[in-house]
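**Q** this one's structure only:
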């Protein structure tokens, strides 16, 4: 859904879903011309795109071996964070009640889906609490206003089901070390770590923090993650940039006792190296845990965007290696993460934190380690100043795509708020431009062994799909033959067994939970018209969701068309060349 110039909510058609009539004509022509080898006009179109790998053309979904063809498409992680701490994104406030919280979550997932995202990263452990039913940690206070109070349903279970129904991956975003986002332990439930096991934590500034050097605290967090991975069908586990806390001036992190115990046990590392080793131990253990409990899930971390000042040359900023005791290069080299998502939260105009050079630096390291890079972007800044325009967002994602040959294979947006607001029309920019064509996320690094292809049969325009291991799948992918190529048109959640297509030759593949894709099972769809798009408006103009066309710099009561984009009239792009007439839609000088 998108917001039109009048503030009305309307559904918008994405161009990738709209196949020009020329394609239908081409398909019809191929059919009429027949097979040069001698088949009659009007018979099944030739399957000359890709490599045919099976037999029994025309098999239905009943189980005979399908004829298959090699298919594939450029993969890209298209993610967005949903922050829950302090109700940044969800729920909008505490105490809403179960039905209202569910409705808000579903709306956020709708916005992510409409924008072309394929993954959401939902914060489910913000302060050693739980946004799901847990016997190990109390319910989050950001749900009801009181830590430990049952919200009346299981938010994570609901979010997973709704995300998967929309074809979205759901990654569980957890904070491994922040124990309480408050200096006041009185806000914590009696069962919370700061009250039940205060020796595992230490106050720091306005927060409480797990001591990463405390083995019992680390073991508890691993127990929490094992429980989460065992009971919930998450697609990944995700850490953000919080390890040792961001330093506050004049405030020391009190880990004297645990460091002394380490030394007394014969430990010889200096304190800085010992702190980094504590984090290494957690990261290594979590990676092993994910591979053990949920091997198809992805584990990754979103570190601060600067590894160390001067890397690359000329970059200045926080030294995360020494300040947070985080060493992402070690995690890459050891294979303890499946991806990194460094937070490049600066515009491309900042020389001291040069976005393009930082991206290239991280991409080179990820590529050398044979791991993926998904860049973290600061979408929340959109519209807050001249540096944070829609054009800037386009530029940042274009730079990521320019480095895809070095494993820069996607982006994660912080956070979902601007998509929900459709701030500066950003949802439509993602939907109609940046993510206009569908894409599945990249396969899990090291995953091999493709799933079996599905069986597919058509009845009219409706295609029925069957697979012997559907529970292990994420999508069925529908590819249309266009000329000599197979072009991805639809990604269908694996829970669905039918999809409506249109006349032509199709190949239906299976993509499993690891992201590995099968060959495509061939199926001929005998009828059905492709979607169509309206005639594009003149260059520089804007189309209203109701169909009216506005000239460049034409105005509705609340918005102005500026070089093909709707902007708030309070910002605008100069004097209105025309004003929308009362009761009409459109504006021409």
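**A** In hand now; what should we look at? These numbers were taken from a predicted model, which means no experiment stands behind them.
**Q** Could you look up the SS state of the residue lying closest to residue 222 once chain neighbours are set aside?
**A** On the basis of C-beta to C-beta, 6 or more residues apart in numbering, the spatially nearest residue to residue 222 that is not a chain neighbour turns out to be residue 285, at 5.8 Å. Every C-beta, even on glycine, is put in place using the N, C-alpha and C of the backbone. Taken by DSSP: H, G, I helix; E, B strand; the rest coil, the conformation at residue 285 corresponds to helix.
**Q** For residue 285, give me the pLDDT.
**A** As predicted, residue 285 sits at a pLDDT of 98.
**Q** Report the beta-bridge partner residues of residue 459.
**A** Counting by DSSP bridges, residue 459 forms beta bridges with residue 462.
**Q** Who does the residue most central in space within the chain form a beta bridge with?
**A** Closest to where the C-alpha atoms of the chain average out (C-alpha atoms, centre = their mean) is residue 79, at 1.6 Å. Under DSSP bridges, the beta-bridge partners of residue 79 are residue 119, residue 412.
**Q** Against residue 443, how distant is the residue nearest to residue 222?
**A** Separation of residue 285 from residue 443 (C-beta to C-beta, to the nearest Å): 24 Å.
**Q** Over to residue 188?
**A** Going from residue 188 to residue 443 by C-beta to C-beta gives 41 Å.
**Q** Secondary structure element holding the nearest residue to residue 378 once chain neighbours are set aside?
**A** Of all residues beyond its chain neighbours, the one nearest residue 378 is residue 345 (4.0 Å), with distances taken as C-beta to C-beta, 6+ apart. Counting by DSSP states H and E, no helix or strand carries residue 345.
**Q** Likewise for residue 399?
**A** Using DSSP H and E, residue 399 maps to helix 390-402.
**Q** Buried residues, that helix. List them.
**A** The neighbour-count check on helix 390-402 (16 or more other C-beta atoms under 10 Å) flags 390, 392, 393, 395, 396, 397, 399, 400 as buried.
**Q** JSON lines for these, including distance to residue 305?
**A** Below are the buried residues of helix 390-402 laid out as JSON lines (distance: C-beta to C-beta, whole Å):
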{"residue": "390", "distance to residue 305": "21"}
{"residue": "392", "distance to residue 305": "16"}
{"residue": "393", "distance to residue 305": "16"}
{"residue": "395", "distance to residue 305": "16"}
{"residue": "396", "distance to residue 305": "12"}
{"residue": "397", "distance to residue 305": "16"}
{"residue": "399", "distance to residue 305": "13"}
{"residue": "400", "distance to residue 305": "13"}
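**Q** Format the residues you listed as JSON lines; extra columns: distance to residue 359 and pLDDT.
**A** Putting the buried residues of helix 390-402 into JSON lines (distance: C-beta to C-beta, whole Å; pLDDT from 0 to 100) gives the following:
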{"residue": "390", "distance to residue 359": "19", "pLDDT": "96"}
{"residue": "392", "distance to residue 359": "14", "pLDDT": "97"}
{"residue": "393", "distance to residue 359": "14", "pLDDT": "97"}
{"residue": "395", "distance to residue 359": "11", "pLDDT": "96"}
{"residue": "396", "distance to residue 359": "8", "pLDDT": "97"}
{"residue": "397", "distance to residue 359": "11", "pLDDT": "96"}
{"residue": "399", "distance to residue 359": "6", "pLDDT": "97"}
{"residue": "400", "distance to residue 359": "7", "pLDDT": "97"}
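**Q** So which residues of the stretch 151-300 of the chain form strands?
**A** 169-174, 178-180, 201-204, 207-210, 236-239, 298-301 (DSSP state E, counting those that start in this stretch).
**Q** Which stretch among those strands approaches residue 453 most closely?
**A** Closest approach to residue 453 among the strands of the stretch 151-300 of the chain (C-beta to C-beta): strand 169-174, 22.0 Å.
**Q** Compare residue 285 and residue 443 (neighbour count), which wins?
**A** Neighbours were counted for residue 285 and for residue 443 using other C-beta atoms under 10 Å; residue 443 has more, 19 against 16.
**Q** helix, strand or coil for the more buried one?
**A** Applying three-state DSSP: residue 443 is coil.
**Q** How about it, nearest residue that isn't a chain neighbour?
**A** Closest to residue 443 by C-beta to C-beta, 6+ apart is residue 515, at 3.6 Å.
**Q** what's the burial count for that neighbour?
**A** 21.
**Q** who touches it in this structure?
**A** Listed by C-beta atoms under 8 Å, 6 or more residues apart in numbering, the contact set of residue 515 reads 75, 440, 441, 442, 443, 444, 447, 474.
**Q** how far away is it from residue 75?
**A** Using C-beta to C-beta, residue 515 is found at 7 Å from residue 75.
**Q** and what of residue 410?
**A** Taken as C-beta to C-beta, the span from residue 410 to residue 75 is 8 Å.
**Q** Any idea how many residues pack against the residue nearest to residue 378?
**A** For residue 345, using other C-beta under 10 Å, the count is 17.
**Q** State the pLDDT value of it.
**A** At residue 345, the model reports a pLDDT of 98.
**Q** same thing with residue 532?
**A** 73.
**Q** How about residue 105, nearest residue that isn't a chain neighbour?
**A** residue 159 (5.5 Å).
**Q** from what I can see the one you found touches residue 109, true?
**A** Yes - counting by C-beta atoms under 8 Å, residue 109 is a contact partner of residue 159 at 7.4 Å.
**Q** out of those two, which sits in the busier spot?
**A** Comparing residue 159 with residue 109 by other C-beta under 10 Å, the one with more neighbours is residue 159, at 28 against 23.
**Q** between residue 410 and residue 75, what contacts are shared?
**A** Common contact partners of residue 410 and residue 75 (C-beta under 8 Å, 6+ apart): 441, 442.
**Q** ok, the two, which is more surrounded?
**A** Higher neighbour count among residue 410 and residue 75: residue 410, with 24 against 18, using other C-beta under 10 Å.
**Q** Surely that one forms part of a strand?
**A** Yes - counting by three-state DSSP, one finds residue 410 located in a strand.
**Q** list the contacts for it?
**A** Here residue 410 is in contact with 76, 77, 78, 79, 372, 374, 375, 400, 441, 442 (criterion: C-beta under 8 Å, 6+ apart).
**Q** Pull up the per-residue confidence for residue 336.
**A** The model's pLDDT for residue 336 equals 98.
**Q** Could you report the separation of the nearest residue to it once chain neighbours are set aside from residue 544?
**A** Nearest residue to residue 336, sequence neighbours excluded (C-beta to C-beta, 6+ apart): residue 287, at 4.4 Å. In this view, residue 287 and residue 544 are 50 Å apart by C-beta to C-beta.
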